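A.B. asks: for reference, the sequence and a predicted model appear below.
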Amino acid sequence: MATAPAHGDAANPHWTARAGPGELAAIPGEDGWPVLGATLEILRDPPAYSGRMYRDYGPIYRVRSFGFSTVAMMGAEANELVLFDRDKLFSSEQGWGPILNLLFPRGLMLMDFERHRIDRRALQAAFKPESMKVYAAVLNEGAAARIAGWAGRDIRFYPEIKQLTLELAATAFLGIPFGPDAQKVNRAFVDMVQASVGVVRRPLPFTQMGRGVKGRAFLIDYFGPMVEARRADEGAQDMFSQFCRAEREDGSRLTEAEIVDHMNFLMMAAHDTITSSVTSMVWYLAREPAWQERLREECLGAAPAGAGLAYDDLGKLELAEMFFKEVLRLISPVPSIPRRALRDFSFGGHDIPAGANVSVSPGFTHRMEDYWPDPDRFDPLRFTPDQIKARHRFAWVPFGGGAHMCLGLHFAYMQMKIIVHHLLTQMRVEIEDGYEPDWQDWPIPRPRDGLKVQMARLE
């Protein structure tokens, strides 16, 4: 099987040559410490760093971190320019590649333009309504069994939901029973995600990157031998089996290496981001008891306690969806999105050269007063149809945008609604007075203490 391409420019001659420091000197900003740049300051408190740079330099600034310089571009207009990318100015592969190529090469996020379109279209077959109905049944069964065991307990929610989403991923995504193999798969994904923001970018022993690359090797060895058997099983409806049978427009099938890379990336995207997002949602459910009661009434109106939430009834949870969107505004699962400029361009009064690494920040944009009055206030009614229509369409981008919009967007909403339905129809989520978890923002948000909550049985 082909090895992962290296993450450096020298190993990828098709990349646009990275712009040198001199070419970015006209962009306001700072370089930080020798070698490390601003890496440690960013990792210590990403929102505080972005806020300081925005105040000091404005919505477009230069920063050096993780080994190279980046032009950060803040705001909905910047999001639209970079994510919608109508002029094909920006490469997602070359933006994410230096960060993820050793870990998730050839995933959809590391593909551009026609190549990305062809593979994305092939993989979309796994997210058609008939497949989603199968996943819904699997999610309901798995969620009901584990969530019922939380009632009446004090728990740390993050490890509990991570275990649940792993079990659901094992059945819905992989078509395997939960057990020791799934635990090993989980460990590999944890190591790969943490490696994405490791300070040491080479896979040296005892480093985060070293553990991440080792995790990728385990997954290649785990998934690879299964491909041919899954292709032959026409009746299997799990996502992995459907990827194995997926065909491109010309009738060709994905290679074993391509299937494994797509599976690795989508498992990471689905498992880790939904774990983070549902944890954030439960935090706000506990913090906002009046809203929790409103969502409980809505859930009971869609299906009674103890019953599954049918796929055709997902649309009934309108308040839950607005609540979830407001949670994702305040705690964005992907705080920053990188790209590389393929040609010179101008934006916001600045000339930015080809080869410049650029980034947009959903997390920062989601709290800008230009788009969100009283931005720190929690208010799901920001997402009524009228409010959405009145706002810039790229002011809220937790799932990205344009051609690279999250492929599993509807799966994420479905999984959230099913979990919340089983949770709220059986118990009340509570926290101790004055409790406030400390959040780790990067690479994917999570509460450092696991989020301590009480699951009180409903009377």
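C.D. replies: Received the coordinates, thanks.

A.B. asks: who's in contact with Asp351?
C.D. replies: Shown in contact with Asp351 (CB atoms under 8 Å, 6 or more residues apart in numbering): 26, 344-345. In short, each C-beta sits where N, CA and C put it, glycine included.

A.B. asks: which of these tops the neighbour count?
C.D. replies: Greatest neighbour count in the contacts of Asp351, by other CB atoms under 10 Å, goes to Phe345: 17 neighbours.

A.B. asks: that one reaches Ile352, doesn't it?
C.D. replies: Yes - with contact defined as CB atoms under 8 Å, Phe345 reaches Ile352; the gap is 5.7 Å.

A.B. asks: tell me, what residue is most central in this protein?
C.D. replies: By CA atoms, centre = their mean, the mean C-alpha position of the chain lies nearest to Thr273, the distance being 4.3 Å.

A.B. asks: out of the contacts of Asp351, which are inside strands?
C.D. replies: Phe345 (DSSP state E).

A.B. asks: average pLDDT across the longest helix along the chain?
C.D. replies: Using DSSP state H to assign secondary structure, the helix with the most residues in the chain is helix 256-287. Across helix 256-287, pLDDT averages out at 88.

A.B. asks: apart from its chain neighbours, what residue comes closest to the residue nearest to the centre of the chain?
C.D. replies: Computed as CB to CB, 6 or more residues apart in numbering, the closest residue to Thr273 that is not its neighbour in sequence is Pro333, at 4.4 Å.

A.B. asks: quick check, the one you found in a strand?
C.D. replies: No - going by DSSP: H, G, I helix; E, B strand; the rest coil, the assignment for Pro333 is coil, not a strand.

A.B. asks: which element is the closest residue to Trp33 other than its chain neighbours on?
C.D. replies: Closest residue to Trp33 apart from its sequence neighbours, by CB to CB, 6+ apart: Leu40 at 7.6 Å. If you go by DSSP states H and E, Leu40 is part of helix 39-44.

A.B. asks: so what's the gap between that helix and the chain middle?
C.D. replies: Centroid displacement of helix 39-44 relative to its chain, using CA atoms, centre = their mean, to the nearest Å, is 20 Å.

A.B. asks: residues in contact with the residue nearest to Thr273?
C.D. replies: Listed by CB under 8 Å, 6+ apart, the contact partners of Pro333 are 273, 276-277, 280, 398, 444-445.

A.B. asks: give me the phi and psi for it.
C.D. replies: Here is the backbone geometry of Pro333 (degrees, to the nearest 10): phi -70, psi -20.

A.B. asks: how close does it sit to Ile274?
C.D. replies: 8 Å (CB to CB, to the nearest Å).

A.B. asks: could you do Trp396 as well?
C.D. replies: Separation of Trp396 from Ile274 (CB to CB): 18 Å.

A.B. asks: next one: Asn357
C.D. replies: When Asn357 is compared with Ile274 (using CB to CB), they lie 28 Å apart.

A.B. asks: follow-up on the earlier one: report all helices and strands that the helix holding Leu40 contacts.
C.D. replies: strand 60-65 (3 or more CB pairs under 8 Å, 6 or more residues apart in numbering; DSSP states H and E).

A.B. asks: contact partners of the strand it packs on?
C.D. replies: 24, 27-32, 36-39, 42, 53-54, 69-74, 78, 347-350.
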